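Participant: sequence and predicted structure below; questions after.
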Amino acid sequence: MTSYIRLSPESQNLYAHKSLARISQRSFLFYIIANVGPGKTHKPLAIAFRQGQGASPGRVSTKALQDRVNHVIQDCVRLVNVLTEPTNRIALEAELCLAASWYQGNDYRDPERAEVQDSPQPAFNFSIYDKRQERPELSWAGRIREFPFISTCLRLSLNRDDTYNTRVGDVQEQHLGTVFRDDRLEYGMVVLDVSDLDRVRYGIVGFEINYMAEVNVTQTGDWDCVEGRPPKQDPVPVLEEHRSRSPLSAAQYMKKFRCFDTKDDIKNLNKRPLVQLKSLDCIWPTTEGALSQARDTPAASSDPPSKDKDILDRAVEILIQDTMGNGRADKRKHIQSISHADFQGRLLGSLQEDPLQLGPSRASADLLRLAYAGHSHLNWVAYKNLSYKFVTIALRSEELKDAAALSLCIDRIGGSPTVLLEALSQSKTIQDVCFLQEPTRTNDDLASQLFAQLCASPSTSSMLQTSKIFLTCAYSTPLRKKFWLPDPRSTSHNGPSYTPPIHAFPVQHMFVRQQFVDLKDNAKKFWPCHFFLGDALLRPERFAVGFLEYCRSVLTDRYLFGFASAPPDLRSYKKKSPGLAISPISAQNFAIPGQCSITRTGSGEAPDHQRECWPLVRVLESGSWAVIVSHEWSTGVPYLRYAFIRARQRIVVPDDIPASPGRLEGLVRPEYVEVVGAVSEFLQETACEVDTALLDRPMNETVRILKARWPSELAADMSHISVLDDGEARSILRDFLEDAAFVTESLRLAMQVNPEECNWYPELLETYDAQRKQHRARNTAIFKSLLDPDIKGEHPLGTERMVYAEDSDYDDL
């Protein structure tokens, strides 16, 4: 692009004001929308900003442009895969129903409008080398998300990228009033429309940026990008002037920036329909009042109702009135209406139009079973005035006996959930249960209390082994960096104490040690990671899948996103492109920062140094499982060894290791701990119905990926993934039990500094010994900290890939 050419009278040189580099925007706002507003208008369900990194635009480098374009395309691929994965469908349908109820309700008010501000663009790079601009991570937006499952889908889709090193802090949730501005240099927009889950739409809105400067050009108006003299003034980034409102497909976006990719997943993305232009009005207003106007805009008028339609609607109205008045539905009296082919759909539409007309009554139960007869998903989220008793009566009816899923919004449902939980635990057909809370909730406590009640009874908790349970709290609190799992040590007057359901979610802990890279072949030193998995709600097969995904990213998956976003089961690996099923992010791992400021005990001074913090290890319950993982290096090549272990007796982790050194050896002896071994043996013990032969394909693929990243060979007697022997597994567990006391004190010290924000484990402050004069030190003979003064270098634990390796498979890894 050239704006003018002039001749310098002094030097007789030609100068042109032209573009030295043409590039796409580096960051994007991602919107998930649906037609859940009044009159089927579109409304946002989740919004996130993903900031880009990468090389600066320059003379000869095309990497910056390729990375920016490919990055957003891969984001779109993952998002579409997540939103179309059948395993995620019930939760998506439930939150879509909740959104429609909220947006169309009388109490809804438009949110205050917000915008993401622009950012300074990287300077033009005149050198012949790529220059990566490392940007600081974004601040955490910890407010309650209205639709936490959809928000989790969005975050995990964006953060499950390791090709472009998208950090947790590169993604920031935005509130639902955030609109897109097309005059920003920093970011474009990606929109996913989930109005029809069978036909998810997408679209990319991204504009061209030209780095404009006046430079010396040839007679043909060209500037030599290699040897051309730099301009006197730095090039200025200028946004494309004519900015279309029409979203682009992946193919169109890549063509616009002359980047081409023929991968199958891109081809599949291009088969998806584009979002419709009118659906963008709610997030890309053309005028100041467009947001408010969109709420009141009715859908296009349909054909005038026929006489037959008027008669049937009136019959439905009469049936509802009679049923409510008599307390029960009289099918014989209304047999003619009920026999009409369109009756059920018309009754369902009438109930959905005014869901609050249903209440805690037998009449409401009768209407529900008539309206939902034969439905697979009993999506009753909008019926908020029901009671558990009459939900149960409807559920047990003949008409609904084949239902496979139930969804409820529990904020206003009356009565005790015990009767419903008992019915669900006895059901042979229900596979998915969603307990949602209102978008306007101020906390997630109600769902947490219901989960505790579910776990308290052996009869009701059995459903956790057969049904997939969705709880608002399990998805909402990680996005707030809060805990949701009830404390097993506390008893609440509002309900029973919490008993961890290890029969359903057996793996409660994962202890990972990572070897520091040492080029001098000194004694191996390790960094310890204490992970808690009890709040990830992972049944055995799902855990096995997540573990295999984790083995591919041990060094980078600090928050265990590989467990929360993974193929739904082992059989999925038979597909060319397995889908991504979403489960809860482990809240405790996500909430506790890796490094916390602490103070000297009793000194009262400001924080003076830091400690590493991890989730608290209190107890290994009898029958519960843990995984020991050792990530090590041999001749510059990483390898991984692991073992699944099971507690035979309840192990209370000692809090004062120096006072009882011999006790540790006793706690890892065979009478306390069984070393089971491989993931296949874990599945045989916990999920015998799973065919362990299905592990071969994903395990071989994981090994292939590791070999592709590190072409150098391991020694002949070594493998990239192997099982720890019995003795070493016990030794590593012993080390972690000792280190747990150090972690406990680190948590206590961090909570003393900031008890309001760091209110993770209140009992640690209650049992604090104020007379203790010295902090407990870590046993550096077994573990070291990344904060130790002798730990140097940018990657002391190594990297996931060879830094300078050229490998054509990298984009697939």
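Facilitator: Yep, it's here.
Participant: check which helix or strand covers the most centrally placed residue in the chain.
Facilitator: With distances taken as Cα atoms, centre = their mean, the residue of the chain nearest its centroid is residue 156 (3.3 Å). Per DSSP states H and E, residue 156 falls inside helix 148-159.
Participant: packing partners of the helix or strand following that helix?
Facilitator: Remark: after helix 148-159, the chain's next helix or strand is strand 171-174, criterion DSSP H and E. Contacts defined by 3 or more Cβ pairs under 8 Å, 6 or more residues apart in numbering; DSSP states H and E place strand 171-174 against strand 43-50, helix 148-159. (Glycine included, C-beta is placed from N, CA and C.)
Participant: closest one to residue 183 among the ones you listed?
Facilitator: strand 43-50 (16.3 Å; Cβ to Cβ).
Participant: still on that earlier bit, rounded mean pLDDT for the helix holding residue 156, please.
Facilitator: The average pLDDT for helix 148-159 rounds to 98.
Participant: roughly how far is that helix from the heart of the chain?
Facilitator: 4 Å (Cα atoms, centre = their mean, to the nearest Å).
Participant: now swap in stretch 240-254 and tell me
Facilitator: 28 Å.
Participant: quick one: buried residues of that stretch?
Facilitator: 240, 247-250, 253-254 (16 or more other Cβ atoms under 10 Å).
Participant: out of those, which comes closest to residue 782?
Facilitator: For the buried residues of stretch 240-254, the nearest to residue 782 is residue 250 (49.7 Å; Cβ to Cβ).
Participant: do a quick rundown of the helices in the stretch 201-350 of the chain.
Facilitator: With DSSP state H, counting those that start in this stretch as the criterion, the stretch 201-350 of the chain has helices at 250-256, 264-270, 290-296, 307-326, 335-338, 343-353.
Participant: ok and the helix holding residue 156 relative to strand 43-50, angle-wise?
Facilitator: With axes from the mean of the first three to the mean of the last three Cα atoms, to 10 degrees defining the directions, helix 148-159 sits at 30 degrees from strand 43-50.
Participant: mind giving me the packing neighbours of helix 148-159?
Facilitator: strand 27-34, strand 43-50, helix 63-83, helix 89-103, strand 171-174, helix 472-480, helix 561-564, strand 581-582.
Participant: list the contacts for residue 137?
Facilitator: 167-170 (Cβ atoms under 8 Å, 6 or more residues apart in numbering).
Participant: let's have these in a markdown table, adding pLDDT.
Facilitator: A markdown table is the format used below for those (pLDDT from 0 to 100):
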| residue | pLDDT |
| --- | --- |
| 167 | 94 |
| 168 | 95 |
| 169 | 96 |
| 170 | 96 |
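Participant: please convert the buried members of these into ChimeraX selection syntax.
Facilitator: Here is the ChimeraX selection string for the buried members of the contacts of residue 137, based on 16+ other Cβ under 10 Å:
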select :168,170
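Participant: hang on, the earlier thing: and the helices of the stretch 201-350 of the chain, which one's lowest on average pLDDT?
Facilitator: helix 290-296 has the lowest average pLDDT among these, namely a mean of 44.
Participant: phi first, then psi, for the closest residue to residue 694 other than its chain neighbours.
Facilitator: Counting by Cβ to Cβ, 6 or more residues apart in numbering, residue 694 lies nearest to residue 570, which is 3.8 Å off, once chain neighbours are set aside. The phi/psi pair for residue 570 (degrees, to the nearest 10) reads phi -70, psi -30.
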